[in-house]
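K.L.:
Below are the sequence and a predicted model; questions follow.
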Amino acid sequence: DDIYEEMIGKRDQLAKNAGFDNYRDYQHRRMHRYDYTPADCTKFHDAVEKHCVPVLRRLNAERRTQLGLDPLRPWDLGVDVKGRDPLRPFETAEQMLEGTSKMFHRMDGRLGEMFDELQEGDCLDLATRKGKAPGGYQYQRERSRKPFIFMNAAGLHRDLETMVHEAGHAFHSMLCREEPILAYRSAPMEFCEVASMAQELLTFPYLDEFYDEVDANRARREHLEGMATILPWIATIDAFQHWIYTNPTHSRDDRTAKWIELTNRFGADVDWTDVEDARSAAWQRQLHLFGVPFYYIEYGIAQLGALQVWCNAIEDEKAAIGKYMAGLTLGAFLLLRVGLRVARGRRHLVLFLRRFGFDDASSTLTVAVSGAMGRRWRLVTLDDSEIQAVGSNRGSRFSWGVGQVLALVFLVVTIAAVANWWWGGGLDEAIRGIVDSSVERGEASGQNALEVIVGSIIVTLVAGVVVVAFTLLLAVGGISALGVAS
């Protein structure tokens, strides 16, 4: 508590030095969260409370009945209700690799080939061994543009989940590695985790490579039940931080009371009698609060995106995998909301601009556009003609191409006609005609012939400029109008 309170004070002062009212607003800006705001985070908390917490409490009630316990205690949440041993999908890392390769080949040949590519060279360090560092991760080596996956496989189902999870990250790295700008190969964390979490769900139909039907169903159920636990916990941690940093002068008792309030709101239906101190300090086990403040809701956002990809796959797996891969190919080329919509197949109106090549410029434009046009518009910055506009279909792209050609032909013909008239004697004839008719009108009306001639020439030149300008605008406007229509 002493260490955390010192951190709160320093972070609050840092935010105020930077011109922000509180550290929450400062950190949201610092983390480039231009696609969602603290208010959106609050909506996430409310949605989790409304939709996920009832599922969590219902699962708690089922567990209570199956274990024959009333009340349910905190330590009762971590046991298998049927007393079964942990799932054992494989014995060696080689068996895990072989089975995982088969799963991806059955899912989509392209994913299978990419996974097999990982088995070449030094892309994998999977088996556990004495003295090896703990954990698991995927890291893209930008010089060779080849991913590296590190983990500690010991034959548990969690190891298999880690394998497909990190493979999803590797697919992401491989699909966007041709992006020429280095910074654009790394998408926001909210979308990076869609790539990996989606694979934990997309591999559900292929778990028979490791299990019989009974154990495969058990693995699926445990994974889905885990979502009902993790989403409320993410909401708890994020809501806790929002309160902490918008009330930086709170007391220790205030902080404990707020934590208890949030665990009552989002937590499991268990009895904490005689272990209240453990409950009051449970937030301290989430190291993000100390080391990377406000970095946690990304996993909740990504989990929702992964669920949407999975729902698409249930309806049409081939189309869902295509959209998933299309989204990963973009890297950091598109902002979070657009990337998610490409992956899940739902799109909103988009503003297209050519990329400036700087993250800050792109981010500033996104904020300005969202504020001016509303949040249904999203900035998409294009780099070259090979990137197609999100949401445009083949017909609209064809009409756009034909329109460009016709408008260009019209523009060239107009310029050629004007040039031929100018240098082909048309201008001289026009001037002579103007002079002759002006002299005749002057003599008939009694006006000064020179004044009539000058006035006629001015009118004619102005009319000519207007006609030429209108012609050019018509040609260029045709291109623009067709682009908007597309």
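P.N.:
On my side now, so go ahead.
K.L.:
Run a quick neighbour tally on residue 28.
P.N.:
Residues within reach of residue 28, counting by other Cβ atoms under 10 Å, total 18. All C-beta spots, glycine's among them, are computed from the backbone N, C-alpha and C.
K.L.:
quick one, what contacts the closest residue to residue 84 other than its chain neighbours?
P.N.:
Sequence neighbours aside, residue 218 is the residue nearest to residue 84 in space, at 7.7 Å (criterion: Cβ to Cβ, 6 or more residues apart in numbering). Counting by Cβ atoms under 8 Å, 6 or more residues apart in numbering, residue 218 touches 84, 87, 211.
K.L.:
Quick check: the gap between the first one and residue 156.
P.N.:
Look at residue 84 and residue 156: by Cβ to Cβ, to the nearest Å, they are 13 Å apart.
K.L.:
Neighbour count for the two, which is higher?
P.N.:
Taking other Cβ under 10 Å, residue 84 and residue 156 do not tie; residue 156 has more neighbours (15 against 10).
K.L.:
Not counting its neighbours along the chain, what's nearest that one?
P.N.:
residue 86 (6.0 Å).
K.L.:
circling back: quick check: the residue nearest to residue 84 is in a helix.
P.N.:
Yes - counting by DSSP: H, G, I helix; E, B strand; the rest coil, residue 218 is found in a helix.
K.L.:
Below-threshold pLDDT in the chain: ranges please.
P.N.:
Residues of the chain meeting the criterion pLDDT under 70: 331-404, 407, 421-422, 425-428, 430-457, 459-460, 463-464, 467-468, 470-486.
K.L.:
Quick check: phi and psi at residue 131.
P.N.:
phi 90, psi 0 (degrees, to the nearest 10).
K.L.:
for residue 264, that is, sorry about that
P.N.:
With angles defined as degrees, to the nearest 10, residue 264 sits at phi -70, psi -30.
K.L.:
Please tell me how far residue 294 sits from residue 78.
P.N.:
In this view, residue 294 and residue 78 are 28 Å apart by Cβ to Cβ.
K.L.:
Next, count neighbours for residue 162.
P.N.:
By the criterion of other Cβ under 10 Å, residue 162 has 23 neighbours.
K.L.:
swap in residue 234?
P.N.:
23.
K.L.:
And it, how far from residue 250?
P.N.:
Residue 234 is 22 Å from residue 250, by Cβ to Cβ.
K.L.:
now swap in residue 271 and tell me
P.N.:
Distance of residue 271 to residue 250, given as Cβ to Cβ: 28 Å.
K.L.:
Between the two, tell me which one has more neighbours.
P.N.:
Between residue 271 and residue 250, counting by other Cβ under 10 Å, residue 250 is the more crowded of the two (16 against 13).
K.L.:
Would you map the strands across the stretch 51-200 of the chain?
P.N.:
Here the stretch 51-200 of the chain has its strands, by DSSP state E, counting those that start in this stretch, at 124-127, 137-141, 146-153.
K.L.:
looking at those, which is buried most?
P.N.:
Stretch with highest mean neighbour count among the strands of the stretch 51-200 of the chain: strand 146-153 (a mean of 20; mean count of other Cβ atoms under 10 Å).
K.L.:
Show me which of the contacts of residue 218 is closest to residue 244.
P.N.:
residue 87 (38.2 Å; Cβ to Cβ).
K.L.:
quick one, what contacts the residue nearest to the closest one when sequence neighbours are not counted?
P.N.:
Of all residues not flanking residue 87 in the chain, residue 157 sits nearest, at 3.9 Å (Cβ to Cβ, 6+ apart). Applying Cβ under 8 Å, 6+ apart to residue 157 gives the contacts 86, 87, 88, 89, 219, 222.
K.L.:
One more pass at 10 Å, please.
P.N.:
86-90, 207, 210-211, 215, 218-219, 222-223 (Cβ atoms under 10 Å, 6 or more residues apart in numbering).
K.L.:
sorry, back to before: can you tell me which of the strands of the stretch 51-200 of the chain is nearest to residue 201?
P.N.:
It's strand 137-141; of these, that one is closest to residue 201 (Cβ to Cβ) at 17.8 Å.
K.L.:
From the chain's centroid, how far away is the closest one?
P.N.:
19 Å (Cα atoms, centre = their mean, to the nearest Å).
K.L.:
Packing partners of that strand?
P.N.:
strand 146-153, helix 157-175, helix 189-202 (3 or more Cβ pairs under 10 Å, 6 or more residues apart in numbering; DSSP states H and E).
K.L.:
The second one vs strand 146-153, what angle?
P.N.:
Put plainly, it is helix 157-175. Between helix 157-175 and strand 146-153, the angle comes out at 180 degrees (axes from the mean of the first three to the mean of the last three Cα atoms, to 10 degrees).
K.L.:
Repeat that for the last one.
P.N.:
For helix 189-202 and strand 146-153, the angle between their directions (the same axes, to 10 degrees) works out to 60 degrees.
K.L.:
Mind giving me the packing neighbours of helix 189-202?
P.N.:
Here helix 189-202 touches helix 93-107, strand 137-141, helix 157-175, helix 213-246, helix 297-315, helix 317-329, helix 336-344, going by 3+ Cβ pairs under 10 Å, 6+ apart.
K.L.:
do you know how far the closest residue to residue 235 other than its chain neighbours is from residue 462?
P.N.:
Excluding the flanking residues, the one nearest residue 235 by Cβ to Cβ, 6+ apart is residue 48, at 4.1 Å. Using Cβ to Cβ, residue 48 is found at 67 Å from residue 462.
K.L.:
quick revisit: show me the one of the helices and strands packed on helix 189-202 that comes nearest residue 193.
P.N.:
Of all these, helix 297-315 sits nearest to residue 193, with 3.3 Å by Cβ to Cβ.
K.L.:
Restrict that closest one to CA atoms and write it as PDB.
P.N.:
Extracted in PDB, the C-alpha atoms of helix 297-315 (Å, rounded to 0.1, in the frame of the first residue of the first chain):
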ATOM      1  CA  ILE A 297      -8.900  -3.300 -20.600                       C
ATOM      2  CA  GLU A 298      -7.200  -4.100 -24.000                       C
ATOM      3  CA  TYR A 299      -7.700  -7.800 -23.200                       C
ATOM      4  CA  GLY A 300     -11.400  -7.300 -22.600                       C
ATOM      5  CA  ILE A 301     -11.800  -5.400 -25.900                       C
ATOM      6  CA  ALA A 302      -9.800  -8.000 -27.800                       C
ATOM      7  CA  GLN A 303     -11.800 -10.800 -26.200                       C
ATOM      8  CA  LEU A 304     -15.000  -9.300 -27.500                       C
ATOM      9  CA  GLY A 305     -13.500  -9.000 -31.000                       C
ATOM     10  CA  ALA A 306     -12.300 -12.700 -30.800                       C
ATOM     11  CA  LEU A 307     -15.900 -13.700 -29.900                       C
ATOM     12  CA  GLN A 308     -17.200 -11.900 -32.900                       C
ATOM     13  CA  VAL A 309     -14.700 -13.600 -35.200                       C
ATOM     14  CA  TRP A 310     -15.800 -17.000 -33.700                       C
ATOM     15  CA  CYS A 311     -19.500 -16.200 -34.100                       C
ATOM     16  CA  ASN A 312     -18.800 -15.400 -37.800                       C
ATOM     17  CA  ALA A 313     -17.000 -18.800 -38.100                       C
ATOM     18  CA  ILE A 314     -19.900 -20.700 -36.700                       C
ATOM     19  CA  GLU A 315     -22.100 -19.300 -39.500                       C
END
